[in-house]
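Visitor: Need the 3D shape of this:
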Amino acid sequence: MQVTINSERLLNELHHLATLTDCPPATDPSFPAPAVAVTRIVFTPRDLEARAWLISLAQAAGFQTRVDPVGNIFIRWPGSDEGLGVVGTGSHTDAIPHAGMYDGTVGVLGGLEALRSLKEYGFIPKRTLELLMFTSEEPTRFGIGCLGSRLLGGVLSPAKADALPDLISETELGAPSTTKPGAPSSPAASSQAKVGSHDARLTLHDVRTAAGFTGPLTDVPLPIGYYHAWVELHIEQGPLLEREMKESALKETGSVLKGTGFSPSGGSRGLQAPEKSTHEDGALAPEESKTILGIVTHIAAPASYRFIVEGHGGHAGALLMPDRRDALTAASEIILSVERHTLAANAEAKLTGESGVDSVATVGAINVHPGAVNSVPSRVTLMLDIRDTDPERREHTMSALRADIAEIQSRRGVRITEERINADTPAISADHLVSTLTALCDDEHIPYKKMVSRAYHDTNFMARIAPVAMLFIPCRNGVSHRPDEYATPESITLGTRILARALAQLANE
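Guide: Model prediction:
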């Protein structure tokens, strides 16, 4: 079945969604065009406006819609046998501050276009097809990523979810809107909605109910078996697909890659030779190489930790060096220990024939008290994100870090406490779904690469209740979560077409 994607419609909708933002236009001259800055935090007026617009598109196309108590939006095309398991796809539309316009949105609007194109083609599904827009994939507002899918997959308890604190105050965002899901939202109406005092810390329950998402969160989880299959379309958010496109294209023309650090990687089909040279920024123009798609076999998952280092502060001049118990210098040793043991885990994995790059760890947030240039730090809080495709290897790295922490604590005379925020389980794609995607690519002679997703996605938690897979399209220079995030129209259209064909095939199984 050769379904045709309405590329112009899809691209127009992606660009319109990018206008629903609380971020001013991107003006950084270092960003290659096009660069669109997007801030769309969950349950803000812009988020509610985007939701209402998406629902209007779905209803105009003749699909059914429903919204659950946490705001997950279901767009449903009933099949001829509604007793069978559903075939699902989808992603998210919320965006961290000053992000780009493709993360998540390609999976939502591409999913909608896939359903519309199948319907316009005259396809009749046996199984129900369903598009899902997940609430709060980004952790910006409530401190935990994939909030909606965690609840759907039964990973997060409803009571704990409702008690999550709102990390962004009303003074930062404006008051939460009382606009009902599916109704138009306006900044003027939203600014009049008040929930509690500006000094009170709101919870998820407060914010979602003020935004019109009512009902108990116990109604959100889906049963195992609800989905027959789940496939998410997403930009890669990394450089591997574009890198391999460039490498293979240059090899085809007899060029030699020098000084790039690129190395051949298996698992992909051959690429056509480019007719032109690459851009100055190193990215390939759409006419210069045939798009390579990524078929995800594993999704890495993070564990998040908070470390608090307590020392003894004082005046930067009066507190002598031998007498110091500097919390920040101790914290710096912890950060370097994180890096050292993660690199060691990768080196050990490479010796056993694995990729040697699947362990990653980041200390991305530090709070120093009292935070004055002339005061010795007495207290430091570190936030650690550690990710791996192998939870045992991840825990081995943590064990090595803890041994170092014990030694640092003793040697420096500080007190170090550890709090685990979460430890998620990596996901493995279903063999049947990977085979379906590879067969479709083979059928159209589309190059593909079987790969690991080192960023985690809502699909990670859908894997708790359904067979899953993901389809990646390349993004320029591997950039994501920035205004210069970019995927070519050709890649978006190609990914959407393969998604549509996969949904059709799975729906008639």
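Visitor: Residues touching stretch 433-450, excluding its own?
Guide: Stretch 433-450 is contacted by residues 229, 231, 240-241, 244, 248, 265, 267-271, 290-297, 467-469, 471, 494, 498, 501-502, 505-506 when judged by CB atoms under 8 Å, 6 or more residues apart in numbering. Where you see a C-beta, it was placed from the backbone N, CA and C, and this is true even at glycine.
Visitor: roughly how far is it from the heart of the chain?
Guide: Relative to its parent chain, stretch 433-450 has a centroid offset of 23 Å by CA atoms, centre = their mean, to the nearest Å.
Visitor: And for stretch 144-152?
Guide: In terms of CA atoms, centre = their mean, the centre of stretch 144-152 is found 12 Å from the chain centre.
Visitor: In CSV, could you pull the C-alpha coordinates for it?
Guide: Taking C-alpha atoms only, stretch 144-152 is exported to CSV below (Å, rounded to 0.1, in the frame of the first residue of the first chain):
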residue,chain,number,x,y,z
ILE,A,144,9.4,14.4,36.6
GLY,A,145,9.5,13.5,32.9
CYS,A,146,6.8,11.5,31.1
LEU,A,147,4.2,12.3,33.6
GLY,A,148,1.2,11.3,31.5
SER,A,149,2.7,8.1,30.2
ARG,A,150,4.0,7.1,33.7
LEU,A,151,0.4,7.2,34.9
LEU,A,152,-0.9,5.4,31.8
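Visitor: Narrow the contacts of stretch 433-450 to those in strands?
Guide: In strands, defined here by DSSP state E, the members of the contacts of stretch 433-450 are 229, 231, 293-297, 468-469, 471.
Visitor: what number of residues lie near residue 37?
Guide: For residue 37, the count of nearby residues is 24 (other CB atoms under 10 Å).
Visitor: the longest helix in this structure is where?
Guide: Of all the segments of type helix in the chain, defined by DSSP state H, the longest one is helix 327-351.
Visitor: ok, and what's touching that helix?
Guide: Outside helix 327-351, the residues touching it (CB under 8 Å, 6+ apart) are 307, 309-311, 313, 355-361, 363, 366, 368-369, 377-380, 382, 384, 386, 388, 393, 396-397, 400-401, 404-405, 408-409, 412, 414, 416.
Visitor: Just the buried ones from these, in PyMOL syntax?
Guide: Buried residues within the contacts of helix 327-351, by 16 or more other CB atoms under 10 Å, are selected in PyMOL with:
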select buried, resi 307+309+310+311+313+358+359+360+361+363+368+377+378+379+380+382+384+386+388+393+396+397+400+401+404+405+408+409+412+414+416
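Visitor: which residues does the nearest residue to residue 71 once chain neighbours are set aside contact?
Guide: Once flanking residues are discounted, residue 71 sits nearest to residue 135: 4.0 Å by CB to CB, 6 or more residues apart in numbering. Counting by CB under 8 Å, 6+ apart, residue 135 makes contact with 42, 70-72, 92, 94, 147-148.
Visitor: Can you pull the phi/psi pair for residue 135?
Guide: phi -80, psi 130 (degrees, to the nearest 10).
Visitor: Check the one 5 residues further on too.
Guide: Residue 140 has phi and psi values of phi -50, psi -50 when expressed as degrees, to the nearest 10.
Visitor: got it, and the one 4 residues further on?
Guide: Taking degrees, to the nearest 10, you get phi -140, psi 130 for the backbone angles of residue 144.
Visitor: Report whether the expected contact of residue 65 with residue 52 is present.
Guide: No: counting by CB atoms under 8 Å, residue 52 is not a contact partner of residue 65; they are 10.8 Å apart.
Visitor: Keep only those of the contacts of helix 327-351 that are in strands.
Guide: Going by DSSP E, the strands hold 307, 309-310, 360-361, 363, 366, 368-369, 379-380, 382, 384, 386, 388, 416 from the contacts of helix 327-351.
Visitor: Which pair in the residues you listed has the greatest spatial separation?
Guide: 369 and 388 (31.4 Å; CB to CB).
Visitor: Buried ones in the longest helix of the chain, by neighbour count?
Guide: By 16+ other CB under 10 Å, the buried positions in helix 327-351 come out as 327-335, 337-338, 341-342, 345-346, 349.
Visitor: Please tell me how far the residue of the chain most remote from its centre sits from residue 330.
Guide: Distance from the C-alpha centroid of the chain, by CA atoms, centre = their mean, peaks at residue 318 (47.8 Å). Residue 318 sits 20 Å away from residue 330, taking CB to CB, to the nearest Å as the criterion.
Visitor: In a strand, residue 98, correct?
Guide: Yes: under DSSP: H, G, I helix; E, B strand; the rest coil, residue 98 falls within a strand.
Visitor: my guess is it meets residue 482, correct?
Guide: Yes: contact criterion CB under 8 Å: residue 98 and residue 482 qualify, at 7.5 Å.
Visitor: Contacts for stretch 317-324, please.
Guide: Contacts for stretch 317-324 (CB under 8 Å, 6+ apart): 311-314, 374, 376.
Visitor: Now render those residues as a markdown table, adding distance to residue 157 and pLDDT.
Guide: Listed next are the contacts of stretch 317-324 as a markdown table, based on distance: CB to CB, whole Å; pLDDT from 0 to 100:
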| residue | distance to residue 157 | pLDDT |
| --- | --- | --- |
| 311 | 36 | 97 |
| 312 | 39 | 94 |
| 313 | 39 | 93 |
| 314 | 44 | 95 |
| 374 | 46 | 97 |
| 376 | 42 | 97 |
